[in-house]
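Enquirer: Next one to model:
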Amino acid sequence: MNKTSLLVLLLLIVPLLSGCVSEKESAGQVKVATTIIPLGEFVQAVGKDRVNVTVLVPPGAEPHTFEPSPSQIRDVANADVYVENGAGLERWMSSILNVNSHMLVVDSSKGVDLLAGEAEGADEAITSDPHIWLSPHDAAIQVQNIRDGLVSVDPAGKDDYINNTNSYLAELKALDAYLNSTFAETKRKKFVVLHPAWTYFARDYGLEQIAIEAEEKDPGPRLLAEIVEACRKENITTVFVEPQFNPKMAEVIAQEIQGKVVSIDGLAPTPSYIENMKSVGEKIAESLR
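Expert: Okay, here's the model as predicted:
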């Protein structure tokens, strides 16, 4: 049995078994499933103790290539709400979302000014860049979409959701101000990353990312030479990598420019989204001074 057939079989079986699952821990709460850790944190910030949150993509996994397990399919089958990142991130979710016809699907990218991404392959059309949560400005839009979704399924909690959202939006506004101040002091504006995840972040703070990957593939010799030349021209000595990706090509470039590889994680589970974004901002800013 191939992988697709197995997934279809699971989708048929899981709803029949869902009634056997204990719901004591989440009694009275809105069950919310979502894709990535930052979205899970946004849901928790808005819903607090009114929600029970399940995040599908675990720490260290790559969302683009992730495939849900049978237990995660069960969680989605039992959810009241699914908060998707949108903007094309959940390529693998379309069949799973159909398993629960009563579940509200919240597209957290609604209202975000999406930037162009990359073609998924040589013969594919260019898609939107899905990494919107890495912009505090766009994260605020996602949070408001989450608020609206929770209010629609749990109107009794409307005041709580609104108050919680307003508090978290204030934290995101402070984060944005901190990052603006941090990058106002940098002399240079270009930084090198392995995976092109930081386009929205770069846009917000007047920066430009130079990505090593193209169409989710390592660069060929010509592009590799161009990146090395750009690094030398711009006096770039740091190459940023995320733990979800193989750092080999970043290490090759760092060696060529006599630089170093530094880890940043747009999906970091700790200590929090806001603290992680501050840390990432500080690392990138340090490389630009």
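Enquirer: how much space between Tyr168 and Gly281?
Expert: Distance, Tyr168 to Gly281, by C-beta to C-beta, to the nearest Å: 18 Å. Every C-beta, even on glycine, is put in place using the N, C-alpha and C of the backbone.
Enquirer: Same question for Ala250.
Expert: Taking C-beta to C-beta, one finds Ala250 at 20 Å from Gly281.
Enquirer: ok, now Ala225?
Expert: 30 Å.
Enquirer: which one of these two has more residues nearby?
Expert: Gly281 (21 against 12; other C-beta atoms under 10 Å).
Enquirer: what helix or strand is the more buried one on?
Expert: helix 273-288 (DSSP states H and E).
Enquirer: Can you tell me what sits against that helix?
Expert: Contacts of helix 273-288 with the rest of the structure, by C-beta atoms under 8 Å, 6 or more residues apart in numbering, involve 38, 41-42, 133-134, 136, 139, 171-172, 175, 178-179, 182-183, 185-191, 201, 205, 207, 236-238, 240, 262, 264-266, 268, 270.
Enquirer: And for stretch 230-242?
Expert: Taking C-beta under 8 Å, 6+ apart as the rule, stretch 230-242 contacts 188, 190-195, 197, 210, 212, 247, 250-251, 253-254, 256-267, 283-284, 287.
Enquirer: redo that, cut-off 6 Å
Expert: 190, 192-195, 210, 247, 250, 253-254, 257, 259-265, 287 (C-beta atoms under 6 Å, 6 or more residues apart in numbering).
Enquirer: What are the buried residues along it?
Expert: Cys231, Glu234, Ile236, Thr238, Val239, Phe240, Val241, Glu242 (16 or more other C-beta atoms under 10 Å).
Enquirer: Tell me where this structure has strands.
Expert: 30-34, 51-55, 81-84, 104-107, 116-119, 126-128, 190-193, 208-211, 238-241, 260-263 (DSSP state E).
Enquirer: nearest to Arg91, of those?
Expert: With respect to Arg91, and counting by C-beta to C-beta, the nearest of the strands of the chain is strand 126-128 at 9.1 Å.
Enquirer: and the gap between Thr34 and Ala87?
Expert: Thr34 is 14 Å from Ala87, by C-beta to C-beta.
Enquirer: now the stretch 151-289 of the chain, which segments are flagged as low pLDDT?
Expert: Counting by pLDDT under 70, the stretch 151-289 of the chain shows no low-confidence range.
Enquirer: about what we covered before: nearest to Glu216 among the buried residues of stretch 230-242?
Expert: Checking the buried residues of stretch 230-242 against Glu216 with C-beta to C-beta, the nearest one is Glu242 at 12.9 Å.
Enquirer: Could you report the neighbour count for Gly266?
Expert: 21.
Enquirer: go on, Met277?
Expert: Around Met277 there are 25 residues (other C-beta under 10 Å).
Enquirer: Distance check, it against Ser135.
Expert: 10 Å.
Enquirer: can you check Leu223 too?
Expert: 26 Å.
Enquirer: More neighbours: the two, which one.
Expert: Remark: of Leu223 and Ser135, Ser135 carries more neighbours, 26 against 15, as counted by other C-beta under 10 Å.
Enquirer: Quick check, the more buried one in contact with Trp198.
Expert: No - counting by C-beta atoms under 6 Å, Ser135 sits too far from Trp198 to count as a contact (9.3 Å).
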